[in-house]
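Colleague: Got a predicted structure plus its sequence, pasted below:
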Amino acid sequence: MTGTVYQVGANVNRALVAEGHCWVYEKYNQDGQLPDLQVQAKAQNKGLWKLPEYDRTPPWEWRKKRRLLSRICG
């Protein structure tokens, strides 16, 4: 389950994406503004988008690799 966080009426989810502090997980996203905010943050090299591409791993890919490694390595 996902949710939207508000603080003093401000949408924290949108603020985090707009500043490049998190990824939009398209599979579960229900906020039509988040993908556009992510595109803008990426274009402006904000937050994680400042990192070289090889240093950026979406959380869902990181978790998948961890699960695979735990099966292989025990």
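Modeller: Yep, it's here.
Colleague: Can you give me every residue that contacts the residue lying closest to Gln33 once chain neighbours are set aside?
Modeller: If the residues on either side of it in the chain are set aside, Gln33 comes closest to Arg14, at 6.1 Å by Cβ to Cβ, 6 or more residues apart in numbering. C-betas here are computed from N, CA, C, even on glycine. Residues counted as contacts of Arg14 (Cβ atoms under 8 Å, 6 or more residues apart in numbering) are 31, 33-34, 37.
Colleague: ok, and the most crowded of those?
Modeller: Leu34 (21 neighbours; other Cβ atoms under 10 Å).
Colleague: Would you confirm that that one contacts Val12?
Modeller: No - using Cβ atoms under 8 Å, Leu34 is not in contact with Val12; the gap is 11.9 Å.
Colleague: joint contacts of the two?
Modeller: By Cβ under 8 Å, 6+ apart, no residue touches both Leu34 and Val12.
Colleague: Give the closest residue to the residue positioned nearest the centre of the chain in space, chain neighbours not counted.
Modeller: The chain has Trp23 as the residue nearest its centroid, 1.2 Å off, counting by Cα atoms, centre = their mean. Leaving aside its chain neighbours, Trp23 sits nearest to Pro58 (5.3 Å; criterion: Cβ to Cβ, 6+ apart).
Colleague: Report pLDDT for the one you found.
Modeller: pLDDT recorded at Pro58 is 91.
Colleague: next one: the one 10 residues further on
Modeller: At Leu68, the predicted lDDT confidence score is 87.
Colleague: what's the following helix or strand after the helix or strand harbouring Val39?
Modeller: Using DSSP states H and E, the element containing Val39 is helix 34-43. Next helix or strand after helix 34-43 toward the C-terminus (DSSP H and E): helix 59-73.
Colleague: now that next one, how far from the chain's geometric center?
Modeller: 18 Å (Cα atoms, centre = their mean, to the nearest Å).
Colleague: Restrict that helix to CA atoms and write it as PDB.
Modeller: Taking C-alpha atoms only, helix 59-73 is exported to PDB below (Å, rounded to 0.1, in the frame of the first residue of the first chain):
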ATOM      1  CA  PRO A  59      15.100   1.000  -5.300                       C
ATOM      2  CA  TRP A  60      13.100  -1.800  -7.000                       C
ATOM      3  CA  GLU A  61      16.200  -2.900  -9.000                       C
ATOM      4  CA  TRP A  62      18.400  -2.700  -5.900                       C
ATOM      5  CA  ARG A  63      15.900  -4.900  -3.900                       C
ATOM      6  CA  LYS A  64      15.700  -7.400  -6.800                       C
ATOM      7  CA  LYS A  65      19.500  -7.700  -6.900                       C
ATOM      8  CA  ARG A  66      19.600  -8.200  -3.100                       C
ATOM      9  CA  ARG A  67      17.000 -11.000  -3.300                       C
ATOM     10  CA  LEU A  68      18.900 -12.700  -6.100                       C
ATOM     11  CA  LEU A  69      22.200 -12.400  -4.100                       C
ATOM     12  CA  SER A  70      20.600 -13.800  -1.000                       C
ATOM     13  CA  ARG A  71      19.400 -16.900  -2.900                       C
ATOM     14  CA  ILE A  72      22.800 -17.400  -4.400                       C
ATOM     15  CA  CYS A  73      24.900 -16.700  -1.300                       C
END
